[in-house]
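Student: show me the folded form of this:
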Amino acid sequence: MKKVRTLLLSALVLGMVLTGCQKETNDELESYKESMDSFYNKLSYFDESINGIDPNSDEAVSQLLGYLDEMNEEYKKMSELTIPEEFSGISDIAVEAADYMEMANQFYHEAYDNEFDGDSESLAGQYYQRANSRVLVMLQVLHGEVPTGEGVTVTTQDSIQFSTIGTSTEE
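Tutor: Sure thing, here's the model as predicted:
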């Protein structure tokens, strides 16, 4: 009887520990999902705002650079998020995206802060595209899709070990 109680107590303690670990993992995933949803919503806002700038306005350049500065800050914050182990494969991509956005922002400022510099604008556009392509790969991974594209290498793992973050419509 004493052995049964000890075994039962051990099983109960183990169950509580495992449940606690699962809760922590779910909390980490949920927190990361919320942070990334916020990041993608901000990118959408910046896209709409930049596309809404009147190019003939005297304030067009300052508005553009202001939005790019804000976007750059959001990329930095995104790259500093703690990425759950289930998505550890995108941690380098997050850093790359932020680095490319930093370079894009720098070259956009070089292109527009003083006399227009077409070469800097071209470089800025290339870095901006690279940043956005990394963010797209991250989004695909977070939604459980297999990312595709030039320079994308995918290493898969057993589906039992892999968990995705569902979209708003899936929840």
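Student: what mean pLDDT does stretch 140-149 have?
Tutor: For stretch 140-149, mean pLDDT is 83.
Student: how far does stretch 114-125 sit from its chain's centre?
Tutor: In terms of C-alpha atoms, centre = their mean, to the nearest Å, the centre of stretch 114-125 is found 27 Å from the chain centre.
Student: can I get that stretch as CSV, trimmed to CA atoms?
Tutor: Extracted in CSV, the C-alpha atoms of stretch 114-125 (Å, rounded to 0.1, in the frame of the first residue of the first chain):
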residue,chain,number,x,y,z
ASN,A,114,20.7,66.2,-49.0
GLU,A,115,21.0,66.3,-52.7
PHE,A,116,19.2,63.3,-54.2
ASP,A,117,21.5,60.3,-54.7
GLY,A,118,20.1,57.7,-57.1
ASP,A,119,22.8,55.1,-56.3
SER,A,120,21.9,55.2,-52.6
GLU,A,121,18.2,55.0,-53.4
SER,A,122,18.9,51.9,-55.5
LEU,A,123,20.9,50.2,-52.7
ALA,A,124,18.2,51.2,-50.2
GLY,A,125,15.6,49.5,-52.3
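Student: which outside residues touch that stretch?
Tutor: Stretch 114-125 is contacted by residues M103, A104, N105, Q106, F107, Y108, E110, A111, Y112 when judged by C-beta atoms under 8 Å, 6 or more residues apart in numbering. To be clear about C-beta, it is placed using only N, CA and C from the backbone, and glycine gets the same treatment.
Student: in that stretch, what counts as buried?
Tutor: S120, L123, A124 (16 or more other C-beta atoms under 10 Å).
Student: pLDDT of that stretch, averaged?
Tutor: 96.
Student: please apply the same query to stretch 60-67.
Tutor: 97.
Student: list the buried ones in it?
Tutor: V61, L64, L65, Y67.
Student: what about burial for the contacts of stretch 114-125, which qualify?
Tutor: Buried, going by 16+ other C-beta under 10 Å: M103, A104, N105, Q106, F107, Y108, A111, Y112, out of the contacts of stretch 114-125.
Student: now, those that are in strands?
Tutor: Assigned to strands by DSSP state E, none of these qualify.
Student: dump those residues into a markdown table; add distance to N26 as well.
Tutor: Converted to a markdown table, the buried ones among the contacts of stretch 114-125 look like this (distance: C-beta to C-beta, whole Å):
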| residue | distance to N26 |
| --- | --- |
| M103 | 36 |
| A104 | 35 |
| N105 | 35 |
| Q106 | 39 |
| F107 | 41 |
| Y108 | 40 |
| A111 | 45 |
| Y112 | 45 |
